[in-house]
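[1] Provided below for reference: sequence and predicted model.
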Amino acid sequence: MKKVLIINTGGTIGMVRTPNGYAPKAGYFRELLETIPELHSEETPDWELTETSPLLDSSNITVVEWNRIASAIVENYDRFDGFVVLHGTDTMAYTASALSFMLENLSKPVVLTGSQIPLCEIRSDGRDNIITSLLIAAEGKVREVCLFFGGELLRGNRATKYSADGLIAFVSPNYPTLAEAGISIKYNEAALFAPPSGDLIFHTFEDVPIGVIKVFPGIQFSLFESIMTEKLRGIVIETFGAGNIPGDGNALLPIIKRAFANGTVLTVCSQCPQGAVSLGVYETSGALKRAGAVSGLDITTEAAVAKLYYLFSCGFDKDRVKKNMEVSLRGEMTVV
């Protein structure tokens, strides 16, 4: 029988009602799982549960927790056929992206899932999400970090949260769905990774100073000049369309040049969920490229942040980081 390790990190799926709203409760989730008959069916893989401590609302997840989750997978890698990580939805796409870079040459499924409604509630979507995630993790057809939610299996570093209260909470705007769970689980074989050629390599993350700036009409770039010091290693800037900034963005260009000279790498992403950045197509984006910014192509902001953490944690200098930000390392972007 296949064996799957469930790693509970917290999040809505295992929360309970408190006077101050829903909150995680240590040890409570195992009791909830025992009440689900399907988890004890002959068709369900053998599973074990472990919990990180403390259990967290996902808005409190940091690099420390990413390392802790990845460590739990690596330490148990030979004992289990797959892994299900229970996680809050708010930062699930960030964690999925981070794990994809931390676990190089992954040959087993790592499936992140959770729910919009706690498992203790009668209409919880968590029941189906966890049952199907277990089946996917045991089947072993995917060899990467992925995210299952609302009947769809998505590449983890291609997913982004789409809805705060809908049961279809995640989308993959620039990469096909890996599988759809209807009456049966149908895999999109063409979208799956081939088996890796090497052994699993675990990359821990350092707590690297990284920032995100969202461009808006009338933005005063000069306000950000004070944070562009040698301490700031990477910046993701969410621009308009294909990489455009306001016409008065010339104020940003000397800041970018100074930041790059200090070792900071600026990656340009688009505020549009679908499509790609193409620096230089428009005059307003060409200046960014000349100033030293790199194109994030169709990468999500979540994956861009995780990728910067990964590259700087590897000890690469800014030139190598800049080069690799435009190369697909874990299927996180479409390079034409």
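    All right, it came through fine.

[2] What does L86 show for phi and psi?
    phi -90, psi 130 (degrees, to the nearest 10).

[3] That one reaches T113, doesn't it?
    Yes. Contact criterion C-beta atoms under 8 Å: L86 and T113 qualify, at 6.5 Å. C-beta: built from backbone N, CA, C; applies to glycine.

[4] tell me, what's touching the two both at once?
    I13, I130 (C-beta atoms under 8 Å, 6 or more residues apart in numbering).

[5] quick one, what contacts R79?
    Contacts of R79 (C-beta under 8 Å, 6+ apart): K3, L5.

[6] Report the contact partners of A291.
    A291 touches L252, L253, P254, I256, K257, F260, counting by C-beta under 8 Å, 6+ apart.

[7] Give me the pLDDT value at it.
    pLDDT recorded at A291 is 78.

[8] how far away is it from S172?
    31 Å (C-beta to C-beta, to the nearest Å).

[9] count of residues packed around A72?
    A total of 18 residues lie near A72 under the criterion other C-beta atoms under 10 Å.

[10] contacting residues around the helix or strand encompassing V4?
    Under the criterion of DSSP states H and E, V4 resides in strand 3-10. With contacts defined as C-beta under 8 Å, 6+ apart, strand 3-10 is touched by 14, 24, 29, 33, 45-52, 54-58, 61, 65, 69, 72-73, 76, 79-88, 130, 134, 137-138.

[11] Equivalent analysis for stretch 325-336, please.
    Residues outside stretch 325-336 that contact it (C-beta under 8 Å, 6+ apart) are 97, 100-101, 104, 144, 155, 157-158, 174-175, 193, 265, 267, 276, 294-300, 303-304, 307-308, 310-311.

[12] repeat for stretch 297-304
    Here stretch 297-304 has contacts from 93-94, 96-97, 100, 157-160, 173-174, 212, 236, 238, 267, 269-270, 275-277, 296, 307, 325-326, 332-335, using C-beta under 8 Å, 6+ apart.

[13] returning to what we had before: what residues sit buried inside the strand holding V4?
    V4, L5, I6, I7, N8, T9, G10 (16 or more other C-beta atoms under 10 Å).

[14] next one: stretch 327-336
    Quick answer for stretch 327-336 (16+ other C-beta under 10 Å): R330, G331, E332, M333.

[15] export stretch 288-300 as PDB, just CAs?
    Written as PDB, here are the backbone C-alpha positions of stretch 288-300 (Å, rounded to 0.1, in the frame of the first residue of the first chain):
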ATOM      1  CA  LEU A 288      13.700  49.800 -17.500                       C
ATOM      2  CA  LYS A 289      15.800  47.400 -19.500                       C
ATOM      3  CA  ARG A 290      18.500  49.900 -20.200                       C
ATOM      4  CA  ALA A 291      18.700  50.800 -16.500                       C
ATOM      5  CA  GLY A 292      19.400  47.100 -15.600                       C
ATOM      6  CA  ALA A 293      16.000  45.600 -14.800                       C
ATOM      7  CA  VAL A 294      15.300  42.100 -15.900                       C
ATOM      8  CA  SER A 295      12.100  40.700 -17.500                       C
ATOM      9  CA  GLY A 296      10.100  38.300 -15.400                       C
ATOM     10  CA  LEU A 297       8.300  37.200 -18.600                       C
ATOM     11  CA  ASP A 298       5.100  35.400 -17.500                       C
ATOM     12  CA  ILE A 299       6.200  34.500 -14.000                       C
ATOM     13  CA  THR A 300       3.800  35.200 -11.100                       C
END
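
[16] gap between that stretch and the chain center?
    20 Å (C-alpha atoms, centre = their mean, to the nearest Å).

[17] same check, this time on stretch 239-256
    The answer for stretch 239-256 is 26 Å, by C-alpha atoms, centre = their mean.

[18] Could you list the residues in contact with it?
    Counting by C-beta under 8 Å, 6+ apart, 215, 217-222, 224-225, 228, 266, 268-272, 275-279, 281-282, 284-285, 287-288, 290-293, 295 sit against stretch 239-256.

[19] Cross the residues you listed against helices and list the overlap.
    T284, S285, A287, L288, R290, A291 (DSSP state H).

[20] Contacts only, for P109.
    So P109 contacts G82, F83, I136, A137, E139, G140, K141, V142, R143, E144, C146 (C-beta under 8 Å, 6+ apart).

[21] let's see it at 10 Å
    Residues counted as contacts of P109 (C-beta atoms under 10 Å, 6 or more residues apart in numbering) are 4, 81-84, 133, 136-146, 148, 153.

[22] quick one: which of the ones in helices among the contacts of stretch 239-256 has the most company?
    L288 (25 neighbours).

[23] where in the stretch 201-336 of the chain is pLDDT low?
    Scanning the stretch 201-336 of the chain for pLDDT under 70 picks out the ranges 247-250, 284.
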